[in-house]
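# just to be clear, the model below is a prediction. Sequence and coordinates:
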Amino acid sequence: MFDTSDVSQNDLTENQEHHNNKNEMESSQELETMKVQLEQEKEKVSSCEKKIQYLLADFENLKKRSDVDIQNRVNSITDGVILKFLGIYDDFVRAVDVLSKQDANTQGLDAILKNMDAFLAEFGVKSIEAMGEIFDPKLHEAISVKEDSTLDDNTITAEFRKGYILKERVIRPSLVEISKRNIKEMNVNG
């Protein structure tokens, strides 16, 4: 005789195993799909992180460029104002010199000149030393040449206009006369 409980039990076990295998295959496929999706998402995140890094670098560069542009503009405006003031200052110094030579009392004007000097110093304006120095094209502008065999070539012998530096920038070079030992040789060789 045929025991139905054995068949049913075997069928059930086979069905369960088949169902378990099917579930395992589906779970395995889902797992593989999820792994692929995870890798894709990781790549997206990595790509976004790189884009953010590039954007931050671009932003930092733009900020630095903007800061430099702003500082250059401020320097340009400051230089212009100081240069205009130096023109007035030069006129004032010449007036005091003329009055001093005429034995006029310049005591009040000297006090104003001291205030002007303090104003220039407060803004970091320094005069360029020229007399007796060797000509430096970064600091001086030669407008005449004087033959003098007792001096080294390019020694400054006269200063026609004072030069100034503002915070390490030459805002006005000194106008000077320089020496040459032999001007005739310079003309032949030059």
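Noted; the coordinates are in hand. Numbers count the residues shown, from 1 in each chain.
# make it CA atoms for all contacts and neighbour counts henceforth
Noted.
# past the one helix or strand residue 41 maps to, which element shows up next along the chain?
Per DSSP states H and E, residue 41 falls inside helix 4-101. Following helix 4-101 in sequence order, the next helix or strand is helix 107-122 (DSSP H and E).
# against which helices or strands is the helix holding residue 41 packed?
Counting contacts by 3 or more CA pairs under 8 Å, 6 or more residues apart in numbering; DSSP states H and E, helix 4-101 packs against helix 107-122, strand 169-172.
# show me how far the last one is from its chain's centre.
Pointing back at strand 169-172 there. Relative to its chain's centre, strand 169-172 lies at 18 Å (CA atoms, centre = their mean, to the nearest Å).
# buried residues of that strand, list them for me.
By 16 or more other CA atoms under 10 Å, the buried positions in strand 169-172 come out as 170, 171, 172.
# and it, which strands flank it?
Paired strands of strand 169-172, with direction, are strand 164-166 (antiparallel) (DSSP bridges).
# picking that back up, any chance of the buried residues of strand 169-172 in CSV, with pLDDT and distance to residue 114 too?
Formatted as CSV, the buried residues of strand 169-172 follow (pLDDT from 0 to 100; distance: CA to CA, whole Å):
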residue, pLDDT, distance to residue 114
170, 95, 22
171, 94, 21
172, 96, 21
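# for residue 73, state which of the residues you listed is nearest.
residue 171 (14.3 Å; CA to CA).
# and stretch 137-153, how far apart are its ends?
Stretch 137-153 stretches 14 Å from its first residue to its last (CA to CA, to the nearest Å).
# okay if I get the helices and strands packed on helix 4-101 as a markdown table plus distance to residue 81?
A markdown table is the format used below for the helices and strands packed on helix 4-101 (distance: least, CA to CA, whole Å):
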| stretch | distance to residue 81 |
| --- | --- |
| helix 107-122 | 11 |
| strand 169-172 | 11 |
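# how about the contacts made by residue 104?
By CA atoms under 8 Å, 6 or more residues apart in numbering, no residues touch residue 104.
# phi, psi for it please.
With angles defined as degrees, to the nearest 10, residue 104 sits at phi -80, psi 150.
# count the residues that sit near the closest residue to residue 93 other than its chain neighbours.
Counting by CA to CA, 6 or more residues apart in numbering, residue 113 is the residue found nearest to residue 93 once chain neighbours are left out, at 7.5 Å. Under the neighbour criterion other CA atoms under 10 Å, residue 113 is assigned a count of 16.
# quick check: residue 113 touching residue 91?
No. Taking contacts as CA atoms under 8 Å, residue 113 lies outside contact range of residue 91: 11.1 Å.
# just the pLDDT for the residue nearest to residue 93.
pLDDT recorded at residue 113 is 94.
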